[in-house]
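Enquirer: give the three-dimensional model of this entry:
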Amino acid sequence: MKSEDPVGRLLRSRGCPDRVIAAGLEGLVAAWEQFASAIGRGYGLGLHDYLNDLDGRQLIEEVLAVVPAGISPELHERLHHADARFQRHTIHTKRCLWGPRLEAQQVWTPEGNWWYYRRPEHPGPDLAGDLGIRER
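Expert: Presented below is the predicted three-dimensional model:
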């Protein structure tokens, strides 16, 4: 990583491990694609893990803001498809899943940070319990 690389600098400032920094935006999008595909089969982990996965999408958004030349049309298309897949298999929530304090601190909104306002259609017992959702 070059010291002047804005993506690497941002990821390092967010405390990302070296492997994430080395993979850069391409790696973040690939991880989001995998998560978006897997979410349709249900989510077997709890809220902590789910929020960690959503934080990956937040990192993508932050990286997009510092990429000087923008992203390639191919990577943009991949991100668009992964976002659509994620939205198909999730349900909008009225509240930010991180809670009102962090939502206000980070100035997250349902429009700008929509991933934090969606839960899996099929959350699995751990996540359902963490979110207070009764299983049918």
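Enquirer: all helices for this structure, in order.
Expert: 6-13, 18-39, 47-66, 73-88, 100-106, 124-131 (DSSP state H).
Enquirer: contacts only, for the closest residue to L47 other than its chain neighbours.
Expert: Using CB to CB, 6 or more residues apart in numbering and skipping the chain neighbours, the partner closest in space to L47 is D130 (3.6 Å). Just so you know, the C-beta spots here come from the backbone N, C-alpha and C atoms, and that holds for glycine as well. D130 is in contact with 46-48, counting by CB atoms under 8 Å, 6 or more residues apart in numbering.
Enquirer: how about the helices of the chain, which one is nearest W115?
Expert: Of all the helices of the chain, helix 47-66 sits nearest to W115, with 4.4 Å by CB to CB.
Enquirer: quick one: average pLDDT of the closest one?
Expert: Regarding helix 47-66, the rounded mean pLDDT is 96.
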